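**Q** my questions concern the predicted model and sequence given below.
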Amino acid sequence: MLVHIKLLSALVLFFECLQWATGFWTFWYGSRSGRASLLPWHVFFGIFIYALAIATSVSGLLEKSIFMQSAKMIGRFSKEAMFMNSLGMLLLVLCALVILAIVSPGPGKIETYRGSSE
């Protein structure tokens, strides 16, 4: 396993544990205004952790593809190589769509963030 895969996996695990501990602490010991002030950070770090997890997955696919091609197990344009490339691209498109769904305001979201409860 390459160093960048280990580093990305460690970062994902670290930030996930940090977000979990912060959420646990603010749920039990925080006030309502404290939880509301942490919401933008919670969303940001959630998106960041998700993007890091996708980057780790795509890096793992790339690493496996490179090792299999260097060992002459698969050809450069074989079905397996095309499948791994397509899977990597689908992961990136899925990541982009999920992040777009998170950050784009839906119907009624804007009023909720401004504090009106109608």
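**A** That came through, no problem.
**Q** tell me the SS of Pro107?
**A** coil (DSSP: H, G, I helix; E, B strand; the rest coil).
**Q** show me which helix runs longest in this structure.
**A** helix 32-70 (DSSP state H).
**Q** after that helix, next one along is what?
**A** helix 79-103 (DSSP states H and E).
**Q** could you tell me the angle between that following helix and helix 32-70?
**A** 170 degrees (axes from the mean of the first three to the mean of the last three Cα atoms, to 10 degrees).
**Q** tell me which residue is most central in the protein.
**A** Central residue of the chain (Cα atoms, centre = their mean): Tyr50, 1.1 Å from the mean position.
**Q** I'd say that one and Ile99 touch.
**A** Yes - using Cβ atoms under 8 Å, Tyr50 is in contact with Ile99, at 7.3 Å. From N, CA and C alone the C-beta is placed, and that goes for glycine too.
**Q** measure Gly46 to Ser65 for me?
**A** 29 Å (Cβ to Cβ, to the nearest Å).
**Q** and if you look at Val103?
**A** Taking Cβ to Cβ, one finds Val103 at 31 Å from Ser65.
**Q** more neighbours: which of those two?
**A** Each of Val103 and Ser65 has its neighbours counted (other Cβ atoms under 10 Å); Ser65 has more, 19 against 10.
**Q** check contacts around the residue nearest to the centre of the chain.
**A** Taking Cβ atoms under 8 Å, 6 or more residues apart in numbering, we find Tyr50 in contact with Cys95, Val98, Ile99.
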